[in-house]
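In: any chance you can model this:
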Amino acid sequence: MERNREITPIVAAPSKAQFPFVELRLKNFRGFENALLKLDDLTILVGPNGVGKSTLLEGFEFLKEAVTDSLLVALERRGGLTSIRRRKPGKGNRNDVILSTVFSHAGARILYGFRLGASAGNAGYVIRDEVLQSDSPEWDWFRRSDGDFQSSRARVQPALNDESLLLPLVAQQSEIWNFIHYRLRNLGTFAFSTDHLKAEPPVGGGSSLNRNGSNLGDVLQQVWKKHPDDATWILEHLQAIVSDLGGLHPSSSAGRRLIRFDQYADDLRDKVNQFYSSSMSVGTLKSLAILASLRQPNLPSLVAIEDIEDSIHPGALGIVFDAVVASLDRSPVVMTTHSTELLSHPAATAERIRVVTRHQGASWIHCLAPELHHLPAYETVGGLLRTNGLVPAGQPETCQSWLDLLQ
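Out: A predicted model of the protein is given here:
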């Protein structure tokens, strides 16, 4: 790490094939004492209620907010450091919290993460460490630790603030820093809300889909105007779910964003009734939001969907999951589910399943037991879930060094 190579700062976004997420690491975050989530192109999180599946998606959302809004804002939205920090019974509540993620590119691995500790008097927080490093000598690196800053770029000497992350400040000074910053800012985590999907919000909600789906109409408007192939793809998939759907039209009226659904009124299909979001079923709107998340103009670097089957008919869920699988060449997907129907899909292979459990007062991540990676043709992961046969591997997936690529 002694090199001082200088390169021209860039602002270009990475292509879809560059820098995929391969790991999420959590230390003392919510219920997780030690979590290593290894990511595939499709990662399916299963497990009982309350074990921490949603917390893993929150880890991605927290990283995004920390580098997009600010670390302070991300913490305050959750009630501060003490609210996200895992509590050990009888041992107080002063554990440091660590979040990091690992990317892959051209055979190299790149890690970015930070460690948060309590400030004096346990009233706030301080950043104890922040790291961006690679196992390739071709990429720039930096590390801050206890008020000291070192990097491969000698001219970069940022002012350190114990409560502010450096990556957003220095991203434009290095190609690799910019790429990683872009990936984190463009994470897409979604927990769609019925009230927000049925609302008619003011026009101007942007072209990136909000976590709760509140700006679905604005996103569809951008797709319909600028990406006709994706608009056709969304409509065709939704028509496979809603058999009498004739058309879908994002529009506006009196400054409000509307989504109009045209449905055939008879078998001859020569009469059409018009409905708007407030009159449509939750399952239809939820399916539409998932389809939009996979084809939105600002494609996320990772799409994470909570409870993907919620309110969706089992027959329609297969179509939605087909759409997810068809979009994996665009963006990796992480999802949580309890659906045996979804887990019976051919794409729900054992290699893509992560079982989240809770024992000894903490949550843990497991791969499936090795013997389940070679199921006979008549057996599926969904069938195993029905019979409580999803046996996790003996030891959970854990991490020895959350801010170091060496394991």
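In: could you give the average pLDDT over stretch 258-268?
Out: Taken as a whole, stretch 258-268 has an average pLDDT of 90.
In: buried residues in that stretch, which are they?
Out: 258-259, 261, 263-264 (16 or more other C-beta atoms under 10 Å). C-beta coordinates here come from the backbone N, C-alpha and C atoms, glycine included.
In: and which of these is nearest to residue 403?
Out: Of all the buried residues of stretch 258-268, residue 403 sits closest to residue 259, with 44.3 Å by C-beta to C-beta.
In: what about the closest one, distance to residue 252?
Out: 10 Å (C-beta to C-beta, to the nearest Å).
In: now residue 278
Out: Counting by C-beta to C-beta, the gap from residue 278 to residue 252 is 15 Å.
In: same thing with residue 143?
Out: Counting by C-beta to C-beta - residue 143 and residue 252 are separated by 49 Å.
In: next one: residue 381
Out: Taking C-beta to C-beta, one finds residue 381 at 44 Å from residue 252.
In: comparing these two, which residue is more hemmed in?
Out: Using other C-beta atoms under 10 Å as the criterion, residue 381 and residue 252 rank with residue 381 on top: 23 against 15.
In: contacts for stretch 68-78, please.
Out: Stretch 68-78 is contacted from outside by 62, 65-66, 81, 84, 114, 116, 125, 127, 163-165, 168, 184-185, using C-beta atoms under 8 Å, 6 or more residues apart in numbering.
In: related to what we said a few turns ago, closest one to residue 53 out of the buried residues of stretch 258-268, please.
Out: Nearest member of these to residue 53, counting by C-beta to C-beta, is residue 259, at 29.7 Å.
In: residue 285 versus the closest one, what's the distance?
Out: Taking C-beta to C-beta, one finds residue 259 at 9 Å from residue 285.
In: which neighbours do these two share?
Out: Common neighbours of residue 259 and residue 285 (criterion: C-beta under 8 Å, 6+ apart): 216, 277.
In: while we're on residue 147, how confident is the model there?
Out: 86.
In: with residue 89 instead?
Out: 63.
In: how about the one 4 residues further on?
Out: Per-residue confidence (pLDDT) for residue 93: 57.
In: 740 is where my numbering starts, stick with that
Out: Noted, 740 is the first residue going forward, which turns the last one into residue 832.
In: and stretch 954-965, average pLDDT?
Out: Mean predicted lDDT for stretch 954-965 stands at 97.
In: other residues contacting that stretch?
Out: Under C-beta under 8 Å, 6+ apart, the answer for stretch 954-965 is 936, 939-940, 942-948, 969-970, 973, 987-991, 996-998, 1016, 1024, 1027-1028, 1031, 1034-1036.
In: quick one, which of those residues are buried?
Out: Counted by 16+ other C-beta under 10 Å, the contacts of stretch 954-965 give 936, 939-940, 942, 944, 947-948, 969-970, 973, 987, 989, 996-998, 1016, 1024, 1027-1028, 1031, 1034-1036 as buried.
In: tell me which residues of the lengthiest helix in the chain are tucked away?
Out: With secondary structure taken from DSSP state H, the chain has its longest helix at helix 792-807. For helix 792-807, burial by neighbour count (16+ other C-beta under 10 Å) applies to 792-806.
In: what's the closest of these to residue 1007?
Out: residue 796 (45.5 Å).
In: residue 1045 is in contact with the closest one, correct?
Out: Yes: the criterion here is C-beta atoms under 8 Å, and residue 796 meets it with residue 1045 at 5.6 Å.
In: find residues that contact each of these two.
Out: With contacts defined as C-beta under 8 Å, 6+ apart, the residues shared by residue 796 and residue 1045 are 928, 930, 1075.
In: now the nearest residue to the second one once chain neighbours are set aside: how far from residue 938?
Out: The shortest distance from residue 930 to any residue that is not its chain neighbour, by C-beta to C-beta, 6 or more residues apart in numbering, is 4.2 Å, and that residue is residue 1045. Applying C-beta to C-beta, the value for residue 1045 to residue 938 is 19 Å.
In: returning to that earlier point: let me know the average pLDDT across the longest helix of the chain.
Out: Rounded mean pLDDT across helix 792-807 is 98.
In: can you count the residues close to residue 814?
Out: Residue 814: 22 neighbours (other C-beta under 10 Å).
In: distance of it from residue 864?
Out: 6 Å.
In: shared neighbours, the two?
Out: With C-beta under 8 Å, 6+ apart as the test, residue 814 and residue 864 both reach residue 820.
In: quick one, helices of the chain?
Out: 792-807, 810-815, 820-823, 906-909, 914-924, 933-937, 955-965, 967-980, 1021-1034, 1053-1065, 1079-1082, 1120-1125.
In: now those as CSV including distance to residue 768?
Out: Output for those, formatted as CSV (distance: least, C-beta to C-beta, whole Å):
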stretch, distance to residue 768
helix 792-807, 6
helix 810-815, 12
helix 820-823, 6
helix 906-909, 18
helix 914-924, 16
helix 933-937, 26
helix 955-965, 30
helix 967-980, 35
helix 1021-1034, 24
helix 1053-1065, 26
helix 1079-1082, 26
helix 1120-1125, 27
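In: closest one to residue 760 among the ones you listed?
Out: Closest among the helices of the chain, using C-beta to C-beta: helix 914-924, at 7.3 Å.
In: tell me what the closest one is packed against?
Out: Where contact means 3 or more C-beta pairs under 8 Å, 6 or more residues apart in numbering; DSSP states H and E, helix 914-924 is packed against helix 792-807, strand 836-844, strand 847-857, strand 864-873, helix 906-909.
In: recalculate using a threshold of 6 Å.
Out: Counting contacts by 3 or more C-beta pairs under 6 Å, 6 or more residues apart in numbering; DSSP states H and E, helix 914-924 is packed against helix 792-807.
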